[in-house]
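> quick one: sequence plus predicted model below, questions after.
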Amino acid sequence: MHRLGGVGLAAFDRQQLSQRSFAELSSELSQAQVDLLHAQLDQFRTALVRFASTHRDSIRRDPNFRHAFQQMCAKIGVDPLAGPRKGGWWAEILNLGDWQYELGVQIVDVCVSTRERNGGLIEMGELVRLVSKLRGVAGGVIAEDDVIRSIKTLKPLGAGYEVIDVGSGKKMVRSVPMQLDEDQAVVLAIANQEGGRVSEQLLVSRKAWMPERAKAALENMLLRDGLCWLDDQDEVNGVAYWVPSAMHWDE
Amino acid sequence: MSLSPHTTPSGFLLPSIHAAPPFFTQQPNPATQAIVTEQWSRLILSYARHRQLFTVRVEDAEVTGGEWDEILRNDRINRRLRSSHLAYILEQMAAKNQLVYDPPKQSRSALLYWRTPEEWAEVLHEWASTTGQLNTILTFYEIIEPPVPSPLSGIPMQILRKAIHILTKTNRAQIIAVADGEGVRFLPGNAGK
């Protein structure tokens, strides 16, 4: 999204900067043209504000509408996330800043309360489901997109919230400041394909790993990081490792 | 494959974690095992309350056909709790006073406190009161095997004794010697005394 340096509406909102921009423009355009441009942008902005307030409820309730609106804002260089902190008027028109932060708090809530079970790694689908449950019917529908955007706003917290792509369209959300090494990412990807279950033999046969490498990766996840659980009654391999965040839980 | 709650033939609702294969393995990671222990403790106590079971034995994990099969095994996923794991869990529960080893000085068999002795004391006094048996002398046997089933039916002697002892401290019970055993007289009053 364009911010201070760009030619989006946000830039023109700030008095000083707009003056400076006009000064730059005037060397190429005549004053009349600048005035016309300014008037048109004002008109556009009024229309946009009216649109935003008319459709505020739809934006809050419907993720598809919300997605389209965010896309439109991105195109014209407006940041609807400019929250109360920045004193942006978008926040007042839309109250979207509050909505986004509220969602962020709920995401943190779910991540923290499931952390014991999954070691700080939760599958995106499950996160969306649990957050939706927390919000209830009144909260409206939440989509994966909304969660991803909200997690971006959590970055300044420095708590390590991050979306991880584990392949085949699956995403996981990490909420502890832990470095997932590449081998662990591979294990996670396999876990997600296998409904949560991984074994040394699976890694050897599917990824052509040496047994020692497979064992080391799994044992690290198990003992050092608490990311998986041991199953010593596995019918196929005797021992298997289960990643709770990749298992499908029906609460 | 989705992990969901499951209702047993006896009507007990098993949580979804009971359908997860690794739940039946003792975990090497201490933090993870703490969760496993906590979940198993809760499960054991609620199942005991559901079936009114008072005793659990380490060997209940090994033999089939016992009272604890619905909990200690999950045949749908071909898993069972190992006796060493159960022994560990019972040890943790003893440390939290959720059960007491009985007979004392061994750790293979225990009495479960799905009600604490204090809670049993109140249930006992309440029963004596509402069945109009205050101020009459009752034998311990009559309490454990009443003609009309009561919340005290089948209660182990050790727990009954503890509950009565708690009531004596607030003057709501007196132990009486009777011809063929032990007896007690319940007196009116409430825990506040």
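Okay, I see it.

> from now on I want contacts and neighbour counts done on CA atoms only, so please keep to that.
OK.

> any idea how many residues pack against residue 31?
The chain I'm using is chain A. 14 (other CA atoms under 10 Å in any protein chain shown).

> not quite, go with chain B.
Using other CA under 10 Å, B:A31 has 14 neighbouring residues.

> helix, strand, or coil at it?
The three-state label given to B:A31 by DSSP: H, G, I helix; E, B strand; the rest coil is helix.

> show me the contacts for it.
A:E116, A:G226 (CA atoms under 8 Å, 6 or more residues apart in numbering or on different chains).

> relative to A:L230, how far out is it?
Distance, B:A31 to A:L230, using CA to CA, to the nearest Å: 13 Å.

> before we move on, what about B:T32?
Counting by CA to CA - B:T32 and A:L230 are separated by 10 Å.

> would you mark the buried spots in stretch B:66-77?
Of all the residues in stretch B:66-77, those buried under the rule 16 or more other CA atoms under 10 Å in any protein chain shown are B:W68, B:D69, B:E70, B:I71, B:L72, B:R73, B:N74.

> from what I can see the last one touches B:A19, true?
So the one you mean is B:N74. Yes - assessed by CA atoms under 8 Å, B:N74 is found in contact with B:A19 at 7.3 Å.

> residues near residue 176, how many?
Chain wasn't specified; assuming chain A. 17.

> sorry, I should have been clearer: chain B.
B:I176 has 14 nearby residues by other CA under 10 Å.

> got it, and the one 3 residues further on?
With neighbours defined by other CA under 10 Å, the count for B:A179 comes to 8.

> assign a three-state SS to B:P9, would you?
Here B:P9 is recorded as coil under three-state DSSP.

> just to revisit the earlier point, which of B:T32 and A:L230 has more neighbours?
More crowded of B:T32 and A:L230, by other CA under 10 Å: A:L230, with 27 against 22.

> which SS state does that one fall under?
Under three-state DSSP, A:L230 comes out as strand.

> surely it meets A:L222?
Yes - look at A:L230 against A:L222 with CA under 8 Å: they come within range, at 7.3 Å.

> overlap of the contact sets of those two?
Going by CA under 8 Å, 6+ apart, residues that sit against A:L230 and also against A:L222 are A:Y241, B:P28.

> residue of chain B nearest chain A, please.
As assessed by CA to the nearest CA, chain A sits closest to B:P22 within chain B, at 4.3 Å.

> who's in contact with the closest residue in space to that residue that isn't next to it in sequence?
Ranked by CA to CA, 6 or more residues apart in numbering or on different chains and with sequence neighbours excluded, the top spatial neighbour of B:P22 is A:D231, at 4.3 Å. A:D231 is in contact with A:V239, A:A240, A:Y241, A:W242, B:P21, B:P22, B:F23, B:F24, B:T25, counting by CA under 8 Å, 6+ apart.

> what does chain A put close to chain B?
A:116-117, A:195, A:222-224, A:226, A:229-233, A:241-242, A:247-251 (CA under 8 Å from any CA of the partner chain).

> out of those residues, which end up buried?
A:116-117, A:195, A:222-223, A:226, A:229-233, A:241-242, A:247-249.

> now, those that are in helices?
A:E116, A:R117 (DSSP state H).

> what is the lowest-pLDDT residue among the buried ones among the residues of chain A next to chain B?
Lowest in pLDDT among those is A:E116, which has 73.

> give me phi/psi at B:S109?
When read as degrees, to the nearest 10, the backbone of B:S109 gives phi -140, psi 140.

> try the one 3 residues further on
Torsion angles at B:L112 (phi, psi; degrees, to the nearest 10) stand at phi -90, psi 130.

> I figured it hits B:Q52, correct?
No - using CA under 8 Å as the test, B:L112 is too far from B:Q52 to be in contact (10.0 Å).

> tell me which of those two has more neighbours.
Higher neighbour count among B:L112 and B:Q52: B:L112, with 25 against 16, using other CA under 10 Å.

> can you list the weak-confidence ranges in chain A?
Low-confidence segments of chain A, defined by pLDDT under 70: A:1-29, A:76-97, A:156-159, A:177-179, A:251.

> what's the neighbour count on the residue nearest to B:R172 when sequence neighbours are not counted?
Distances taken as CA to CA, 6+ apart place B:L187 nearest to B:R172, at 4.5 Å, with adjacent residues excluded. Residues near B:L187, counting by other CA under 10 Å, number 20.

> quick one, strands of chain B?
Here chain B has its strands, by DSSP state E, at B:2-3, B:6-7, B:13-14, B:55-57, B:73-74, B:79-80, B:99-101, B:109-112, B:137-139, B:173-178, B:181-186.

> sheet partners, orientation included, of the worst-scoring helix or strand of chain B on mean pLDDT?
Lowest on mean pLDDT, DSSP states H and E among the helices and strands of chain B sits strand B:2-3, with a mean of 80. Sheet partners assigned to strand B:2-3 using DSSP bridges are listed as strand A:248-249 (parallel).
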